[in-house]
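Asker: what follows is a predicted protein model with its sequence.
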Amino acid sequence: MQNFEKFLKESVQFQTQLAQVAGATVDLGEIRVGTTPKDLIDQIDGVCLYRYQPVSDSVTTSNPLLIVYALVNRPYIVDLYQQRSLVQGLLAQGVDVYLIDWGYPGPGDRHLDLEQYVSVLIDRCVTQTLQHSGATQVNILGICQGGTMSLCYSALQPSKVKNLITMVTPVDFHTSDNILTHWFREIDVDLLVDTMGNVPGTLLNGIFLSLRPFKLGVEKYLDFVKISDNPEKVENFMRMEKWIFDSPDQTGEMFREFLKRFFHENRLVTGGLSIGGEFVDMKSVTQPLLNIFAKQDHLVPPASSQALKYLTGSNDYSELVYDTGHIGIYVSGKAGRDIPLKISNWLRERN
């Protein structure tokens with residue numbers, strides 16, 4: 001009888017908390033993200049290059065920092081909100097920050113491939129950044145898939161890149177703990193792309209969430225109920241939800257090529273990668289390298305990122321390791337406070 005009464009009491013309490021959740025989310029209104037002021041520098045179709053407005057008179061380096069984010073999610077995760085903004089942290093340290101926003105590819109973009117993204121779009125954004133800033137070289141911060149593309153670009157255009165920073169970047173796609181690679185190996189990517197054209201972002205998002213179904217599909221919502229009486233925490237939770245489910249479609253040819261060249265063939269490690277007829281030699285990446293990765297990353301295991309140490313021609317290689325997950329490295333309190341300072345100091349030493 002006591003157990004039944006306890007169950008009944010907890011059920012009523014949970015129902016009350018659910019009602020609070022409903023009320024809290026209704027009262028939120030529009031969820032605002034990516035609010036740091038920025039200016040549009042260049043645009044080609046749906047791809048935009050932005051420069052964030054400086055907030056500090058002190059300058060870390062004469063070279064601008066171009067952020068190259070992944071294609072899979074939206075880049076405003078690096079500027080989620082004021083208290084969790086990598087961009088604002090960098091600006092406060094005097095870094096001149098530019099960012100590529102890949103936008104939302106449509107059916108007409110299905111033929112954009114690895115060459116178009118690396119040799120055309122990134123190169124155009126680098127050129128426009130240099131013209132706008134008056135610098136002769138850029139620093140690049142490549143994040144996740146954007147880090148993989150940045151490595152390729154730095155190998156092909158070494159004279160344009162002064163320093164390279166990679167963050168949670170997959171390099172060795174065949175480490176034994178790479179769950180995503182095991183999953184993608186089972187996909188007939190030719191059949192998928194030939195049938196669908198662009199690959200729906202909702203499909204990929206479902207794959208990512210399925211890698212940790214309980215933690216990402218049940219546990220976090222049960223935890224959400226517990227914070228329903230705290231408007232600030234509710235709003236922050238909804239910001240993350242907005243970002244997680246804001247998943248652009250992937251252009252068919254880029255998806256096909258990226259899966260084959262990296263997930264299937266592991267070309268950064270095995271060699272033999274060419275983009276637009278040009279050989280991508282990782283030993284041509286001789287710039288100073290700062291490699292940042294997360295211990296608890298289930299999408300890009302630490303070993304996958306750490307493989308970079310042995311592949312390039314750089315004689316100035318450094319690592320920063322944080323005890324967070326793939327997303328926590330952007331939004332966790334400690335990493336959020338520490339990373340902008342570490343990046344700015346690293347750049348300043350190599351100015």
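Answerer: Everything's here; your move.
Asker: tell me which stretches of the stretch 101-250 of the chain form helices.
Answerer: Applying DSSP state H, counting those that start in this stretch to the stretch 101-250 of the chain gives helices spanning 114-115, 123-133, 145-156, 179-184, 189-196, 201-210, 213-214, 220-226, 231-244.
Asker: now for the second one, which elements pack on it?
Answerer: Just to be clear, that refers to helix 123-133. For helix 123-133, the packing partners by 3 or more CB pairs under 8 Å, 6 or more residues apart in numbering; DSSP states H and E come out as strand 38-44, strand 47-52, strand 65-68, strand 97-101, strand 138-143. Glycine gets a C-beta too; all of them are placed from N, C-alpha and C.
Asker: can you lay out those as JSON lines showing distance to residue 180, mean pLDDT and mean neighbour count?
Answerer: What follows is these, written out as JSON lines (distance: least, CB to CB, whole Å; pLDDT from 0 to 100; neighbours: other CB atoms under 10 Å):
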{"stretch": "strand 38-44", "distance to residue 180": "30", "mean pLDDT": "97", "mean neighbour count": "14"}
{"stretch": "strand 47-52", "distance to residue 180": "25", "mean pLDDT": "98", "mean neighbour count": "21"}
{"stretch": "strand 65-68", "distance to residue 180": "20", "mean pLDDT": "98", "mean neighbour count": "26"}
{"stretch": "strand 97-101", "distance to residue 180": "23", "mean pLDDT": "98", "mean neighbour count": "25"}
{"stretch": "strand 138-143", "distance to residue 180": "16", "mean pLDDT": "98", "mean neighbour count": "27"}
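Asker: tell me which of these lies nearest to residue 206.
Answerer: Smallest distance to residue 206 across the helices and strands packed on helix 123-133 (CB to CB): 22.0 Å, for strand 138-143.
Asker: and that closest one, how far out from the chain middle?
Answerer: Distance, stretch centre to chain centre, for strand 138-143: 12 Å (CA atoms, centre = their mean, to the nearest Å).
Asker: relative to that strand, what are the paired strands and their orientations?
Answerer: Strand pairing for strand 138-143, determined by DSSP bridges: strand 65-68 (parallel), strand 161-167 (parallel).
Asker: mind exporting that strand as CSV, just the C-alpha atoms?
Answerer: The C-alpha coordinates for strand 138-143 follow below in CSV (Å, rounded to 0.1, in the frame of the first residue of the first chain):
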residue,chain,number,x,y,z
VAL,A,138,43.9,34.4,-42.7
ASN,A,139,43.8,32.3,-39.6
ILE,A,140,41.2,29.5,-39.9
LEU,A,141,39.1,27.9,-37.2
GLY,A,142,37.6,24.7,-38.7
ILE,A,143,34.9,23.0,-36.6
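Asker: and it with strand 97-101, angle?
Answerer: Using axes from the mean of the first three to the mean of the last three CA atoms, to 10 degrees, the inter-axis angle of strand 138-143 relative to strand 97-101 is 50 degrees.
Asker: just send the helices of the stretch 101-250 of the chain back as JSON lines, with distance to residue 58 and mean pLDDT too.
Answerer: Formatted as JSON lines, the helices of the stretch 101-250 of the chain follow (distance: least, CB to CB, whole Å; pLDDT from 0 to 100):
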{"stretch": "helix 114-115", "distance to residue 58": "38", "mean pLDDT": "97"}
{"stretch": "helix 123-133", "distance to residue 58": "17", "mean pLDDT": "98"}
{"stretch": "helix 145-156", "distance to residue 58": "26", "mean pLDDT": "98"}
{"stretch": "helix 179-184", "distance to residue 58": "40", "mean pLDDT": "82"}
{"stretch": "helix 189-196", "distance to residue 58": "48", "mean pLDDT": "94"}
{"stretch": "helix 201-210", "distance to residue 58": "39", "mean pLDDT": "79"}
{"stretch": "helix 213-214", "distance to residue 58": "46", "mean pLDDT": "57"}
{"stretch": "helix 220-226", "distance to residue 58": "39", "mean pLDDT": "69"}
{"stretch": "helix 231-244", "distance to residue 58": "30", "mean pLDDT": "81"}
